[in-house]
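Asks: just coords:
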């Protein structure tokens, strides 16, 4: 056992990254839409910056809802960022020398990065960076979304946030899509999604399914009726 420990210690010295062989950290923030994930991420990044650490923020270039070059929370708080199609190009675009001096990297809307797992492994374990990611843990069908859940086994901490159910006010763990599109990636805000509890998610899926069948059968779309209005008669909060 002692010889194994010696080999591990020697390997740490030989294979150490740019931070003198000291590994970094990985922190994951997940939850449904409107749970305050971006707010929690920005709070952490600002705290690290205030403590004298060099920070950088990244988001997917797919997310252009509020601003192209900033992470923006739903209540309007902004933080400048790098909008990238993938994470593998970050080091080159940020600058190799600047990257060496970087301490903390925040990643918002992490579910949109297909190379998230590989980036986190390298940045934290080889380069010694602290990585803080925020993203959806599931899509509108409650299936794994992107690579966010793949990173959890690597993480030092995992924070699961909840929102407030738009129908009854209970804790909301899920995201209900209010429109008929079925593709997994549909960028949108309150016009397309709402946070719901388990009861209203199940009932909402049933209502949307019935409405979709009606449209297919009749060809008529009633644009004046919203998902919350359709849900009201079918759901009774306990």
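Replies: That came in fine, so what should we check first? Computed from a predicted structure; not experimentally measured.
Asks: in the sheet, who's paired with residue 164?
Replies: residue 171 (DSSP bridges).
Asks: Beta-bridge partners for residue 175, please?
Replies: residue 195.
Asks: Please list all residues in contact with it.
Replies: 32-33, 136, 138-140, 193-196 (Cβ atoms under 8 Å, 6 or more residues apart in numbering). C-beta coordinates here come from the backbone N, C-alpha and C atoms, glycine included.
Asks: for residue 152, same thing?
Replies: Contacts of residue 152 by Cβ under 8 Å, 6+ apart are 28, 158.
Asks: what pLDDT does it get?
Replies: Residue 152 carries a pLDDT value of 97.
Asks: now the one 3 residues further on
Replies: pLDDT for residue 155: 98.
Asks: Repeat that for the one 5 residues further on.
Replies: Model confidence at residue 160, expressed as pLDDT, equals 98.
Asks: For burial, what's the neighbour tally of the closest residue to residue 119 other than its chain neighbours?
Replies: Using Cβ to Cβ, 6 or more residues apart in numbering and skipping residues adjacent in sequence, the residue nearest residue 119 is residue 87, 3.9 Å away. Residue 87 has 23 neighbours, counted by other Cβ atoms under 10 Å.
Asks: Most neighbours among the contacts of residue 175, please name it.
Replies: Counting by other Cβ under 10 Å, top hit in the contacts of residue 175: residue 196 with 29 neighbours.
Asks: who touches the residue lying closest to that residue once chain neighbours are set aside in this structure?
Replies: Spatial nearest neighbour of residue 196, excluding adjacent residues (Cβ to Cβ, 6+ apart): residue 176 at 4.6 Å. Listed by Cβ under 8 Å, 6+ apart, the contact set of residue 176 reads 140, 193-196, 200-201, 204-205, 227.
Asks: roughly how far apart are the closest residue to residue 113 other than its chain neighbours and residue 115?
Replies: Leaving aside its chain neighbours, residue 113 sits nearest to residue 87 (5.2 Å; criterion: Cβ to Cβ, 6+ apart). For residue 87, the distance to residue 115 (Cβ to Cβ, to the nearest Å) stands at 5 Å.
Asks: check contacts around the residue most central in space within the chain.
Replies: In the chain, the centroid-proximal residue (Cα atoms, centre = their mean) is residue 135; its distance is 0.7 Å. Residues near residue 135 by Cβ under 8 Å, 6+ apart: 29-30, 37, 107-112, 145-146, 148.
Asks: is it true that the residue nearest to residue 119 touches residue 121?
Replies: No: Residue 87 is beyond contact range of residue 121, at 11.1 Å (criterion: Cβ atoms under 8 Å).
Asks: joint contacts of those two?
Replies: In contact with both residue 87 and residue 121: no residue, using Cβ under 8 Å, 6+ apart.
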